[in-house]
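Trainee: Predicted model and sequence follow; I will ask about them next.
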Amino acid sequence: MITFKRVNNLAGWLLFGVAFLTYRLTIEQTASFWDCGEFIACAFKLQVPHPPGAPFFLLIGRLFSMLAFGDVLKVAFWVNMVSVLCSAFTILFLFWTITLFVRKLIRKPDNALDNGDIILIVGAGVVGALAYTWSDSFWFSAVEAEVYAMSSFFTAIVIWAVFKWEQIEDPAEENRWLILIAYLTGISIGVHLLNLVTIPALALVYYFKKYPKPSLNGILSAFCSGLCILGLINSGIIPGLPTLAGKFEIFFVNTFGLPYKSGTLIFIVLFLGSLIWAIRFTHKREKVLLNTALLSLAFVLIGYASYLTVLVRSEFNTPINENDPSDILSFVSYLKREQYGSRPLLYGPSFTSKPISQKKETPVYKKKDGRYVIQDYRFDYNYEPGSSMIFPRLYSNQPGHPQLYQQMTGLVQDQKPTMGHNLSFLFSHQLGHMYWRYFLWNFAGRESDVEGAGTLLPWDITKTFPSSISQNRAHNNFFMLPLFLGLAGILALYLKNRKDLLVSGLLFFLTGVALVIYLNSPPVEPRERDYIYVGSFYIYCIWIGLGVVAVADGLRKLVGNTSRTAVLASVFCLVVPGIMLVKGWDNHDRSNRYHSVDFARNLLNSCAPNAILFTGGDNDTFPLWYVQEVEGFRTDVRVCVQTFLGADWYIKQLMRKINKSEALPFSLDTNSYAFGKNEYVPFYEIPSVKKGINLKEYLELIKQENKAIQVPLMSGDMASILPSSILFLPVNTNEIGKMNIVKKDFASLISDSMSWTIGNKDLYKSDLVMLDIIASNNWKRPIYFSSTMGSSNNLGLKEYMQLEGYAYRLLPVRVPGAEDGYVNSDLMYDNMMNKMAWREVDNKNTYYDNTYVGAPVATARIAFLRLTNQLLAENKKDKARKVLDRALAVMPDSSIPYDQISSNFIGPLFELGQNKKALDTARAMAVRADENLEFAKNNTASKSQDIHSDLYILQTIVRECRQAKQDTVATEYEAIFRKHLVAFNLYSEGSE
């Protein structure tokens, strides 16, 4: 006999199979950009990633990496499979959660369900689960090695377990389920903290079961109790227990002279002993509720214990050891993410607030002579009276942020924001742009994958989009069908089970809107953040499943209450996830995509052996960590992350050997780079060295803390200054000649001193570290700067930098006027043509999103262009032709659409006699630019259209065609260019 239980289980596992197959077929084969390379490298060798870590995720990733059976090129695939498997299990538990909801709506025991009821329950579960399977944001995280897929799994299983617990009547079994839920919550801490926000809403499930006649006061009390549990875990357990252990450590070591770690061990023994005693005591006294609570706490701690691996592996000093949380005090800082600073939530300064003094916060300790001594304090600012405000949303004074606030809110220079401006920014940007836009991406439609892309609504089908948008693979219109079906599900819950509507509504709010308010995002983020809010999208897919019940209720009025009603409703509603699958497959299929790894290899291959490479952000650092730590590629190159260079723990790591890279040379010692020392080096010109100061002598003065170059700070401490805007570094020309590191063509440009203008600006510790390495290296190791780093990070040395591929090499050769460095064509030709790869980038069937077509592609095209122009300048036309042909072949317009950099290829094509190719390229780009500008002109609200790049393309095409004597087409394109200049009020006499 077919029972509901058997059908429910079978359907759940079938959906697991569908989800698993979907994600397996679309999985990234290697390390994606952003944090994936870091997580894969850290999982492979159990290293320490960025705070607050994800130790349980890394442990599971390590187990899966073993399935590569020694093939390091397969490690990334298997760690990605962790997300595939977790995502498939998420769909399984989502299905079972929806069927639990629907059974409560039907209000029949399982053994009384007829065929129509079973079909309706299963149909609702299938529709809701598949909608989430093929939703945009969840699918994105399901096929890469990030923590969000596993985090979603724990969210799903905890929610399912709570509603499963609700069905249990045996008190003993109830308590066992509560302990299981606590254990799962504890494990989830070692993945991501997003799961914890569900606790207050799930507390209502407990209340509604225990109190069949709920009251408003009871509901509020239950919700507040849930908030207290959330606070207990998030503040009392996660950082609270280690903080208390740290206080024990300092007390017992400093007061009684015990060895390091003894205070921590004493705290652990006392705490665990007390907990075990309390559990036994409540068991003997038959205090069931208190005993269950204590057991739950114990199992939360057991799950949380995965964080012990952070302390263990950090003490081992792994190559990637961010923040070095090797003792209990640094571990607390790691858990609290102190390196990222904090954002005001309920009260704080606005971006216009002026600091008037500093105030000491928590002390920072270091080990010295068997004790812990205070080396400095963390500081915060006191602001001028009346400048702070309640609920600050406009708070960031990071570079560029004040201008964006003013642009978004209409504030003028020096105008203080009001609560009206605050709320305007909250609703328009933080909620509107950074949440509801993402929500509609998943359940209405998405314009494209371009940064800042808007949504697609049903009536947009009549809109004429440019081909750059209409042919974008992420141009998906779901016609709001998922949205409407979810609204129908909300209506069904409202009519039939308002308790579950309240619970699910709070879950939706806490994992969405409340999270937006808590995170208090700045006016711009490095990337789209939709993956943060997948918890709320998960809840909405429960409502989509319940929408099948609403549709069935409507159909009953037409065809009666029969099994046919359930079948028709289920089949009809399956159209919704079907559309999501058809529209979403092509922009989630990551098969045959390898360029993130090739980009890292190409950057490393731009460097000479044993090089020192300065890199900038995540995407030119984490892929490098991956290829070095996992694939063992070019481990002789020491990657120095510019954003970490100001951290004392990172500087110490640079001072030791890692893999095949020897320790870096430094003139200053760890004392000069200790926390709080030389964090900020203000510019204060001293007339005696106005014309320049010897860099090595300057570093020696800093090391000595010489009063001649010190001034008092606001805190009262003394700080070293930068006394001149000009630095010089003596050069031993004989030694340089013996090293054979300078091209013969540039030998005449070597002088006995390097002199450059660093500028009359303040320095930071990271700048000081870079200068120290440059001065102390004495040209013994090649020093490179990644070409992806911003111009502000080159310390004014660009005229001394030689481009050799994706990186600039610092040499004692100055080419006057080389504001963007100079090119060694022989070396760069060999690197670009023989040592680099762009696998599958020419495959038009491979999907590359905005991350790939941004900096990685731009870096390659700029390198090809610089090399081509240099070869043409040297009259090496055969080589120039090969380079240009390679550039257009490996990144053709059909797979990676031409960008504004590509427009500069037109001139060299004409110069090399390839007129047809030049004209074809010009026409393709001009037509696309014209389309984009017409669209931008008629759709001023679109944030994804950059008119300046398209205008630049047209301007470049006109110029190159004029220079090539292609007057007919030049006139045609000039007319288009002028038309758009006029349309955007940019035309002036003399505009080309």
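Mentor: Thanks, I have it.
Trainee: measure stretch 777-789 end to end?
Mentor: 21 Å (CA to CA, to the nearest Å).
Trainee: contact partners of it?
Mentor: 603, 606-617, 619-620, 642, 664-665, 732, 735-736, 739, 741, 773-774, 793-794, 801, 803-804, 806-810, 812, 855, 859, 862-863 (CB atoms under 8 Å, 6 or more residues apart in numbering). All C-beta spots, glycine's among them, are computed from the backbone N, C-alpha and C.
Trainee: Can you flag which of the residues you listed belong to strands?
Mentor: 612-615, 801, 803, 807-810 (DSSP state E).
Trainee: coming back round to it: narrow the contacts of stretch 777-789 to just the buried residues.
Mentor: Among these, those that count as buried by neighbour count (16 or more other CB atoms under 10 Å) are 603, 606-608, 611-617, 619-620, 642, 664-665, 736, 773-774, 793-794, 801, 803-804, 806-810, 812, 855, 859, 862-863.
Trainee: Show the residue spans covered by the helices in the stretch 1-150 of the chain.
Mentor: With DSSP state H, counting those that start in this stretch as the criterion, the stretch 1-150 of the chain has helices at 4-26, 36-45, 55-65, 75-106, 115-133, 136-142, 147-167.
Trainee: nearest to Ser274, of these?
Mentor: Among those, helix 55-65 comes nearest to Ser274, with 25.2 Å by CB to CB.
Trainee: Give the rounded mean pLDDT of the closest one.
Mentor: In this model, helix 55-65 has a mean pLDDT of 97.
Trainee: Also stretch 439-447?
Mentor: 96.
Trainee: same deal with stretch 673-693?
Mentor: Stretch 673-693 shows a mean pLDDT of 90.
Trainee: ditto for stretch 545-556
Mentor: Stretch 545-556 comes out at a mean pLDDT of 94.
Trainee: What lies in contact with that stretch?
Mentor: 98, 101-102, 105, 120, 123-129, 131, 484-493, 565-566, 568-570, 572-573.
Trainee: at 7 Å instead, please
Mentor: With CB atoms under 7 Å, 6 or more residues apart in numbering as the test, stretch 545-556 has contacts from 98, 101-102, 105, 120, 123-125, 127-129, 485-486, 488-489, 491-493, 565-566, 568-570, 572-573.
Trainee: Next, format the ones in strands among the contacts of stretch 777-789 as CSV and append distance to Asn175 and pLDDT.
Mentor: Converted to CSV, these look like this (distance: CB to CB, whole Å; pLDDT from 0 to 100):
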residue, distance to Asn175, pLDDT
Ile612, 59, 97
Leu613, 57, 97
Phe614, 57, 96
Thr615, 52, 94
Met801, 67, 94
Leu803, 67, 95
Ala807, 61, 96
Tyr808, 64, 96
Arg809, 66, 96
Leu810, 66, 95
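Trainee: got a list of what Arg928 touches?
Mentor: 466-468.
Trainee: Apply 6 Å and report the result again.
Mentor: Ser468 (CB atoms under 6 Å, 6 or more residues apart in numbering).
Trainee: Kindly report the same for Phe44.
Mentor: Counted by CB under 6 Å, 6+ apart, Phe44 has contacts 65, 75, 630.
Trainee: And these, which is closest to Gln167?
Mentor: The closest of these, once distances to Gln167 are taken by CB to CB, is Ser65, at 38.7 Å.
Trainee: The closest one against Phe77, yeah?
Mentor: No: judged on CB atoms under 6 Å, Ser65 makes no contact with Phe77 at a distance of 9.6 Å.
Trainee: quick one: which of those two has more around it?
Mentor: Ser65 (25 against 21; other CB atoms under 10 Å).
Trainee: Show the end-to-end separation of stretch 634-645, please.
Mentor: 21 Å.
Trainee: now do stretch 326-341
Mentor: 21 Å.
Trainee: could you give the mean pLDDT of it?
Mentor: 90.
Trainee: Then stretch 140-150?
Mentor: Mean predicted lDDT for stretch 140-150 stands at 96.
Trainee: what residues does it touch?
Mentor: Contacts for stretch 140-150 (CB under 6 Å, 6+ apart): 23, 26-28, 32, 36, 39-40, 54, 57, 79-80, 83, 86-87, 191-192, 531, 590.
Trainee: Only the C-alpha atoms, please, for it, written as PDB.
Mentor: The C-alpha coordinates for stretch 140-150 follow below in PDB (Å, rounded to 0.1, in the frame of the first residue of the first chain):
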ATOM      1  CA  PHE A 140      25.000  31.100  -7.800                       C
ATOM      2  CA  SER A 141      26.300  29.900  -4.400                       C
ATOM      3  CA  ALA A 142      25.500  26.300  -5.100                       C
ATOM      4  CA  VAL A 143      28.200  25.700  -7.600                       C
ATOM      5  CA  GLU A 144      31.300  27.300  -6.000                       C
ATOM      6  CA  ALA A 145      33.400  26.800  -2.800                       C
ATOM      7  CA  GLU A 146      31.800  29.500  -0.600                       C
ATOM      8  CA  VAL A 147      30.200  29.100   2.800                       C
ATOM      9  CA  TYR A 148      26.700  30.200   1.800                       C
ATOM     10  CA  ALA A 149      25.600  26.900   0.400                       C
ATOM     11  CA  MET A 150      26.500  25.100   3.600                       C
END
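Trainee: where does this protein have low pLDDT?
Mentor: 1, 714-715, 941-945, 988-992 (pLDDT under 70).
Trainee: For the residue of it positioned farthest from its centre, give me phi and psi.
Mentor: Distance from the C-alpha centroid of the chain peaks at Gly560, with 51.8 Å (CA atoms, centre = their mean). In terms of degrees, to the nearest 10, the main-chain angles of Gly560 are phi 90, psi 170.
Trainee: same thing with the one 3 residues further on?
Mentor: The phi and psi torsions at Ser563 (degrees, to the nearest 10) take the values phi -60, psi -30.
Trainee: So that it lines up with my notes, have the first residue be 37 from now on.
Mentor: Fine by me, first position is 37 from now on; the one you just mentioned is Ser599.
Trainee: and it, how far is that from Asn975?
Mentor: 49 Å (CB to CB, to the nearest Å).
Trainee: can you check Trp196 too?
Mentor: 43 Å.
Trainee: higher neighbour count, those two?
Mentor: Between Trp196 and Asn975, counting by other CB under 10 Å, Trp196 is the more crowded of the two (20 against 15).
Trainee: my guess is the more buried one meets Thr133, correct?
Mentor: Yes: contact criterion CB under 6 Å: Trp196 and Thr133 qualify, at 4.6 Å.
Trainee: where do the strands sit along the stretch 787-936 of the chain?
Mentor: 789-793, 799-800, 819-822, 837-839, 843-846, 858-859 (DSSP state E, counting those that start in this stretch).
Trainee: helices or strands up against the fifth one?
Mentor: In this structure, strand 843-846 packs against strand 819-822, strand 837-839, with contacts taken as 3 or more CB pairs under 6 Å, 6 or more residues apart in numbering; DSSP states H and E.
Trainee: could those strands be laid out in CSV, adding distance to Gly309?
Mentor: CSV is the format used below for those (distance: least, CB to CB, whole Å):
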stretch, distance to Gly309
strand 819-822, 53
strand 837-839, 62
